[in-house]
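>>> Have a look at this prediction, sequence included:
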Amino acid sequence: MNIPMLDLKAQYESIKDEINQKVLETLSSQRFILGPEVEALEQELAEYSGTKFACGVSSGSDALILSLMTLGIGQGDSVVTTPFTFFATAGGIARVGAKPVFCDIQEETFNIDPVCLEEVLDSKFKEGDQNLKAVIPVHLYGQCVDMKGILDLAERYNLNVVEDAAQAVGAEYPSQEGVQRACAMGHLGILSFFPSKNLGGFGDGGMVLTNDEVLAQRLKLLRTHGSKNKYFYDTIGGNFRLDALQAAILRVKLKHLNGWHEARMQNAITYDRSFKESDLVENGYVKIPATVYKNSSVRNYHIYNQYVIRVQRRNELQEFLKSKGVPTAIYYPLSLHLQECFSDLGYTKGDFPVSEKASEEVLALPIFPELNKDQLEYVVSTIENFYRA
Ligand SMILES: Cc1ncc(COP(=O)(O)O)c(C=O)c1O
């Protein structure tokens with residue numbers, strides 16, 4: 001059996017007529033940059049995520065850069081984040097001239113650990129460090145960070161919070177105020193519409209969401225070069241605009257998003273059950289992903305942009321699966337604090353042991369909505385065959 005890692009063609013086939021019609025309408029309008037489609041998407045995604053404002057931008061990476069610029073973060077500042085994330089999270093910090101400061105993750109969820117964050121912040125505070133300006137929690141793979149711990153610390157240390165929800169559109173968190181969605185809890189939150197995301201465009205795209213009107217206005221100002229009145233510039237921004245065609249396509253896809261989340265959750269339940277029924281979990285060969293909010297009142301306890309297991313002999317298993325027609329991926333093979341481009345930050349191996357161990361053990365399996373039960377079972381039985389051999 002040959003299984004794809006992601007089947008975007010199958011998804012397109014299922015909504016082809018709606019998409020094609022919307023694309024044709026947009027072509028007829030000949031309105032390609034920002035405009036009514038982008039504004040409508042902003043409104044719909046703000047509503048979907050539970051925020052008041054949204055700003056459509058050119059990518060998730062640009063959404064991070066624009067967020068930091070909007071908060072006035074730059075040269076001489078530092079921003080704390082996880083070393084176990086896609087490069088763009090820390091890359092964005094460096095791109096605005098600030099310094100990434102890393103903090104280890106929780107073993108169970110792969111998300112930034114509030115206990116480690118407290119240690120990092122306490123030690124910076126004791127050193128008299130005045131440069132820390134923000135924290136970027138990343139809702140990795142589609143499950144929310146334990147935001148209570150992060151928000152309490154941010155308040156205590158007067159830090160801005162930018163949620164990186166590139167992998168977690170619509171993921172929910174049981175907060176004291178009730179169920180909240182990713183992007184609604186920090187000062188700003190970012191989304192990515194990279195095609196492999198649960199809400200993926202037909203190209204690059206992203207969004208910044210916020211409940212703060214002043215920040216919302218500044219986001220829009222900086223999105224178009226810092227210009228409120230054409231050819232007059234109050235401040236230096238950039239071109240971070242979202243295309244109308246992307247927005248039009250994403251508006252069609254947004255209507256299907258909850259159904260796709262649900263299908264991914266069902267696939268994860270099938271994987272979980274099959275792994276538990278095999279002896280792989282009991283014998284410690286495979287650890288299935290933790291779902292820490294599953295028994296609370298939240299519906300989207302995990303949106304499974306990725307279904308990531310921890311395994312023994314990971315690289316050998318990956319080769320074996322490939323030879324049997326099962327593609328997998330490794331998110332991420334090297335923690336960011338050990339990347340060559342960040343060597344001047346002075347971190348060394350052993351600084352973030354939980355993150356480093358995760359990078360040796362994680363393996364993402366196909367989880368896209370259109371997978372069928374036979375395919376899911378084939379993946380698990382092929383893993384069983386590997387460890388039995
Ligand atoms: C956690 C995280 N942050 C940021 C990004 C950047 O998003 P984009 O690819 O849209 O620039 C990604 C994309 O993969 C991501 O996974």
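Here it is on my side, so go on.
>>> Any idea how many residues pack against the residue in the stretch 201-350 of the chain positioned nearest to the ligand?
As assessed by CB to the nearest ligand atom, the ligand sits closest to residue 206 within the stretch 201-350 of the chain, at 5.0 Å. All C-beta spots, glycine's among them, are computed from the backbone N, C-alpha and C. Per other CB atoms under 10 Å, the neighbour tally for residue 206 reads 27.
>>> beta partners of it?
Beta-bridge partners of residue 206, counted by DSSP bridges, are residue 57, residue 192.
>>> Settle this for me: it is touching residue 55, isn't it.
No - Residue 206 lies out of contact with residue 55 (CB atoms under 8 Å); the separation is 9.4 Å.
>>> Run through the residues of the stretch 51-200 of the chain sitting next to the ligand.
59-61, 85-86, 88-89, 138, 164, 166-167, 192, 194 (CB under 6 Å from any ligand atom).
>>> cool, and the stretch 201-350 of the chain?
204, 206.
>>> Would you map the strands across the stretch 201-350 of the chain?
In the stretch 201-350 of the chain, the strands defined using DSSP state E, counting those that start in this stretch lie at 206-210, 286-287, 307-311.
>>> can I get the ones you listed in CSV with distance to residue 359 and mean pLDDT?
Output for those, formatted as CSV (distance: least, CB to CB, whole Å; pLDDT from 0 to 100):
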stretch, distance to residue 359, mean pLDDT
strand 206-210, 25, 98
strand 286-287, 15, 98
strand 307-311, 11, 98
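>>> Go through those strands and pick out the most buried.
strand 206-210 (a mean of 29; mean count of other CB atoms under 10 Å).
>>> Dump the strands of the stretch 201-350 of the chain into CSV; add distance to residue 240 as well.
Formatted as CSV, the strands of the stretch 201-350 of the chain follow (distance: least, CB to CB, whole Å):
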stretch, distance to residue 240
strand 206-210, 9
strand 286-287, 39
strand 307-311, 30
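>>> right, and those strands - which one's nearest residue 31?
Closest to residue 31 of the strands of the stretch 201-350 of the chain is strand 206-210 (CB to CB; 18.9 Å).
>>> Using PDB, write out every CA atom in the closest one.
Provided in PDB are the C-alpha atoms of strand 206-210 (Å, rounded to 0.1, in the frame of the first residue of the first chain):
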ATOM      1  CA  GLY A 206      -1.000  34.300   7.200                       C
ATOM      2  CA  MET A 207      -2.900  36.400   9.700                       C
ATOM      3  CA  VAL A 208      -2.400  38.400  12.900                       C
ATOM      4  CA  LEU A 209      -5.300  38.500  15.300                       C
ATOM      5  CA  THR A 210      -5.800  40.600  18.400                       C
END
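>>> Which other helices and strands does that strand contact?
helix 36-49, strand 53-57, helix 60-70, strand 188-192, helix 213-223 (3 or more CB pairs under 8 Å, 6 or more residues apart in numbering; DSSP states H and E).
>>> Tell me which other helices or strands the second one touches.
In terms of contacts (3+ CB pairs under 8 Å, 6+ apart), strand 53-57 is packed against helix 36-49, helix 60-70, strand 206-210, helix 213-223.
>>> Domain map for this protein?
Under the assignment automatic domain parsing, the domains of the chain span 8-254, 257-388.
>>> Count the residues that sit near residue 111.
Neighbour count for residue 111, taken as other CB under 10 Å: 23.
>>> just to revisit the earlier point, could you give me the PyMOL syntax to select whichever of the residues of the stretch 51-200 of the chain next to the ligand are buried?
Listed next is the PyMOL selection for buried residues among those, using 16 or more other CB atoms under 10 Å:
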select buried, resi 59+60+61+85+86+88+89+138+164+166+167+192+194
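>>> Quickly name whichever of the residues of the stretch 51-200 of the chain next to the ligand is closest to the ligand.
Nearest member of those to the ligand, counting by CB to the nearest ligand atom, is residue 60, at 2.4 Å.
>>> Leaving out sequence neighbours, find the closest residue to that closest one.
Distance criterion CB to CB, 6 or more residues apart in numbering; nearest residue to residue 60, sequence neighbours excluded, is residue 192 at 2.6 Å.
>>> gap between that neighbour and residue 168?
10 Å (CB to CB, to the nearest Å).
>>> Backbone dihedrals for the residue nearest to residue 56 when sequence neighbours are not counted, both of them.
Distances taken as CB to CB, 6+ apart put residue 242 closest to residue 56, at 3.4 Å, once the chain neighbours are dropped. Backbone torsions of residue 242, given as degrees, to the nearest 10, read phi -90, psi 140.
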